[in-house]
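Visitor: output the structure for:
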Amino acid sequence: MTNGNTREIIEFVQRKVLSRDGIIALTGFLTLVVGFFLGSPVGRIVSGMIFVGVVGYLVARWKGWPINTLFRRRGTQEDLYSQSPEGNMKKLLFDDFQSSGGNYVVKEVQEEESVAPSTKTAQPAPVLREEKPKEFSVADFFDLDSNELPNDAEPRSEFNFLLNKVLCALKEVLFAHSVVFFWGNKDRKQLVLEGKVTDSQSFIGEKRIPFAEDMVSQVAMTGKPFILGRINPVSEKEVVLYYQSPEYIKSMVCVPVYYFNGAKDGSPVGVIVADSKAEDAFGPETFGLLGNFTKLVSSLIKSYTEKYDLLLDSELLASIRRMADRVKSNPTEAAVLGSVAEEAGRLVNWDALTLTMYSDDQHCWAVQNVVTKTASPYVHRAQRVDIEGSIVGRVVLANKLESIDDLSASSTSRFFVGEPMERKGSFLCVPISSVNRCYGALTLESTLTGNFAGVEVETVYRLVEYAASLLEVLYLNDTIKDFVPVDQLTGALTKKFFTRKIEEEVSRAEDCGTDLAYVSLAIDDIREQARRYGSEGCDTILAHIVKAVRSHTRLYDAIGRLDEDQIGVLLCNTAASDGYLWAEKVRKQIASHIIPVDNRSISVTVSVGVSGLVDGMSKDQLVAGTTQVLHKAMEDGGNLVRMY
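Guide: The predicted structure is shown next:
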């Protein structure tokens, strides 16, 4: 071996040792040697791991496997700089102005020649095209998949719909796990769940949560916002009350929501809560963001409150109108009480309803109507009310509304001592009273505590107040009828005065020994006539019949209205046979008479019963005989005259 070859071998070994691979190999060898001499097991393990890593690296380099981009780039540069110049190296010319499509042309250039850019292949620089802006669709700005709010939605549904949208937006902005809105009721010391957007599967099902020492309750009571950046898993159950099982919440933020209606007492009406499973997910800047959302929710509350008040007023007016129409067609106490019970169910949610009035038959205050929606036992109809020792009796005597939010906290009986109902839920008792007197009481009961709110109670009170005014009008009309002898519609005597007239004429006929005939007329198929033409049409028919009958009577004869479809006629100094002939003539005239009803011309028939007074016959016997033959005429098909 010559000296030149030895020198080249030494230089080659030197280059390899001083290269990166050589240094790594030398390091691995030294680590292996040191590991043999170490007495510590940990040291030997570490030395072995380093040696294995070095061997793996050298094997990868030998096989040509890519280690990583950074090492490959650096290794190429080092290899390039460590190479010695070769005699056969060539220079290549790359033309950057060639078009991007097709084959790329590369020219070989001799070293001694001067190189100039090619003019044949050179092309002007391509003009860069401007990127088109993204085309947005309606779905980027409107939730097409969501159920659109109906135009006729009530204010509560509209408020919940918009609140849910706000909570969804807030959850996206804060990257929260849950965003919840609670109403805060200081009077009842409760949090009422109104809306939530959550990823949790264990959210509580209850809507009402009593105030506690948790952060949400504190914000609802004090109105001061709070942030918890790190929640201990041990205390999560006490801090976060709206999950059934641990959710491993790490941070949460609570801010109050205000709504000022007149008096600015500074008390919040609600709380917005956001929580996260990341620590320190919320900071002071979150308050500023949440402040904008709470202002938006306050505006929604204001709009909802105003619309809800208008809705209640509208529903109250509609209920009053329906009551008026019903009572107009049937002006009785039963119609008033039935309509007020029906309309109260439209305005307020309840589980049991009763109407208590004074009973003339029982000579005491008693339950007149009972409606229940549950299978639980309740008071029954005609149940006597303890006027001195019950809530209903207290309301009737004091003529003052009484509302109990929690029956379990009250010791007074609702109707009587020993009543079978459970003492739970809420109870509302409203007096049916006018300016002059109290006619009874309406009671509503719910199994839920605090079910009857202030606005709803006021609405029910106004409804019952209107019902009391209707009762007062009916009672005054009855009183007037007792003293007014003439029926307003027909001009005939009222039933009370006509009955009195029969007694007088029977006595006169017995004293003077004269004849007396009593005739009773009833409209045939009165139910069919009422179905076709209504009560007003029936009144028109009856008025025309009375007018036709009056045209055949004398001044000393008497005509009285006995019922809605029946009239009576007293024919003085007339025998029963003559009364029969008179009745037959009247029947024929009525059957041929044209009556205009609702722009239509109709004709009706009547059934007639005739009875004559005989010696020893009383007033009741005379009336009973006439009624008997009248029913016989009606059973035989109507449009007939029958004599007793």
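Visitor: how about residue 419, what does it touch?
Guide: The neighbours of residue 419, taking C-beta atoms under 8 Å, 6 or more residues apart in numbering as the test, are 379, 413. C-beta: built from backbone N, CA, C; applies to glycine.
Visitor: any idea how far residue 186 is from residue 211?
Guide: The gap separating residue 186 from residue 211 is 8 Å, by C-beta to C-beta, to the nearest Å.
Visitor: wait, I meant residue 258
Guide: When distance is defined by C-beta to C-beta, residue 258 is 18 Å away from residue 211.
Visitor: do residue 169 as well
Guide: 29 Å.
Visitor: residue 582 now?
Guide: Residue 582 sits at a distance of 85 Å from residue 211 (criterion: C-beta to C-beta).
Visitor: between those two, who's got more neighbours?
Guide: residue 582 (22 against 17; other C-beta atoms under 10 Å).
Visitor: so what touches stretch 369-376?
Guide: Here stretch 369-376 makes contact (C-beta under 8 Å, 6+ apart) with 337-338, 341, 345, 350-355, 378-381, 421-422, 447.
Visitor: please repeat the previous calculation with a cut-off of 10 Å.
Guide: Outside stretch 369-376, the residues that touch it by C-beta atoms under 10 Å, 6 or more residues apart in numbering are 334, 337-338, 340-342, 344-345, 349-357, 378-383, 420-422, 442-443, 445-447.
Visitor: next one: stretch 25-44
Guide: Defining contact as C-beta under 10 Å, 6+ apart, one finds that stretch 25-44 is touched by 16-19, 45-58, 61.
Visitor: go on, stretch 219-227?
Guide: Around stretch 219-227, the neighbours that count as contacts under C-beta under 10 Å, 6+ apart are 182-186, 189-191, 211, 214-216, 218, 251-258, 266-274, 280-284, 286-287, 290-291, 294.
Visitor: helix/strand/coil for residue 273?
Guide: Of the three states, residue 273 takes strand according to DSSP: H, G, I helix; E, B strand; the rest coil.
Visitor: where's it relative to residue 336, distance?
Guide: When C-beta to C-beta is the yardstick, residue 273 and residue 336 sit 49 Å from each other.
Visitor: would you map the helices across the stretch 151-300 of the chain?
Guide: Per DSSP state H, counting those that start in this stretch, the stretch 151-300 of the chain has helices spanning 155-174, 215-222, 236-239, 284-329. These are given in chain order.
Visitor: report all helices and strands that the shortest one contacts.
Guide: Spelled out, it's helix 236-239. In terms of contacts (3 or more C-beta pairs under 10 Å, 6 or more residues apart in numbering; DSSP states H and E), helix 236-239 is packed against helix 215-222.
Visitor: care to break the protein down by domain?
Guide: Partitioning the chain according to automatic domain parsing yields domains covering residues 3-82, 155-306, 330-480, 484-643.
Visitor: model confidence over the first one, on average?
Guide: Same thing as domain 3-82. What domain 3-82 shows for mean pLDDT is 67.
Visitor: next: the third one.
Guide: Averaged across domain 330-480, pLDDT comes to 89.
Visitor: now the longest one
Guide: In this model, domain 484-643 has a mean pLDDT of 91.
Visitor: quick one: pLDDT of residue 303?
Guide: Each residue has a pLDDT score; the one for residue 303 is 82.
Visitor: with residue 113 instead?
Guide: Note for residue 113: predicted pLDDT of 48.
Visitor: same deal with the one 3 residues further on?
Guide: In the predicted model, residue 116 carries a pLDDT score of 51.
Visitor: do the same with the one 3 residues further on
Guide: The predicted local distance difference test score for residue 119 is 50.
Visitor: ditto for residue 138
Guide: According to the prediction, residue 138 has pLDDT 62.
Visitor: pretty sure residue 456 is touching residue 311, no?
Guide: No. Counting by C-beta atoms under 10 Å, residue 311 is not a contact partner of residue 456; they are 11.4 Å apart.
Visitor: so how far is stretch 306-322 off the chain centroid?
Guide: Here stretch 306-322 shows a centroid-to-chain-centroid distance of 16 Å under the convention C-alpha atoms, centre = their mean, to the nearest Å.
Visitor: averaged pLDDT, it. What do you get?
Guide: Confidence over stretch 306-322, taken as the mean pLDDT, stands at 80.
Visitor: pull out the buried positions in it.
Guide: Under the neighbour-count criterion of 16 or more other C-beta atoms under 10 Å, stretch 306-322 has 308, 312, 315-316, 319-320 buried.
Visitor: which one of those residues is nearest residue 460?
Guide: Proximity to residue 460 was ranked across the buried residues of stretch 306-322 by C-beta to C-beta; first place goes to residue 316, at 9.1 Å.
Visitor: distance of the residue lying closest to that closest one once chain neighbours are set aside from residue 21?
Guide: Excluding its sequence neighbours, the residue lying closest to residue 316 (C-beta to C-beta, 6 or more residues apart in numbering) is residue 459, at 5.3 Å. With the distance defined as C-beta to C-beta, residue 459 ends up 91 Å from residue 21.
Visitor: of these two, who's got more company?
Guide: residue 459 (20 against 15).
Visitor: now do the SS call for that one.
Guide: Using three-state DSSP, the secondary structure recorded for residue 459 is helix.
Visitor: which ones are touching it?
Guide: Contacts for residue 459 were tallied using C-beta under 10 Å, 6+ apart; they are 309, 312-313, 315-316, 319, 344, 347-348, 453.
Visitor: again with residue 588
Guide: With C-beta under 10 Å, 6+ apart as the criterion, the residues that contact residue 588 are 605, 639, 641.
Visitor: who wins on neighbours among the residues you listed?
Guide: When the contacts of residue 588 are compared by neighbour count (other C-beta under 10 Å), residue 641 ends up highest, at 24 neighbours.
Visitor: that residue contacts residue 576, correct?
Guide: No. Counting by C-beta under 10 Å, residue 576 is not a contact partner of residue 641; they are 11.7 Å apart.
Visitor: between these two, which contacts overlap?
Guide: 519, 610.
Visitor: measure the residue nearest to residue 316 to residue 428 for me?
Guide: Spatial separation of residue 459 from residue 428 under the definition C-beta to C-beta is 11 Å.
Visitor: find residues that contact each of those two.
Guide: When contacts are counted by C-beta under 10 Å, 6+ apart, the set common to residue 459 and residue 428 consists of 344, 348.
Visitor: what is the neighbour count of residue 525?
Guide: 14.
Visitor: identify the residues contacting it.
Guide: In this structure, residue 525 makes contact with 531-532, 565, 604-605, 634, 638, judged by C-beta under 10 Å, 6+ apart.
Visitor: inside helices: which ones of these?
Guide: Here DSSP state H is the test, and those give 531-532, 634 as lying in helices.
Visitor: and the contacts of stretch 219-227, which are buried?
Guide: With neighbours counted by 16+ other C-beta under 10 Å, the contacts of stretch 219-227 contain buried members at 182-185, 190-191, 211, 214-216, 218, 251-258, 267-274, 281-282, 286, 290, 294.
Visitor: hang on, the earlier thing: taking the contacts of residue 459 together, which two end up most distant?
Guide: 309 and 344 (18.7 Å).
Visitor: alright, calling it a day.
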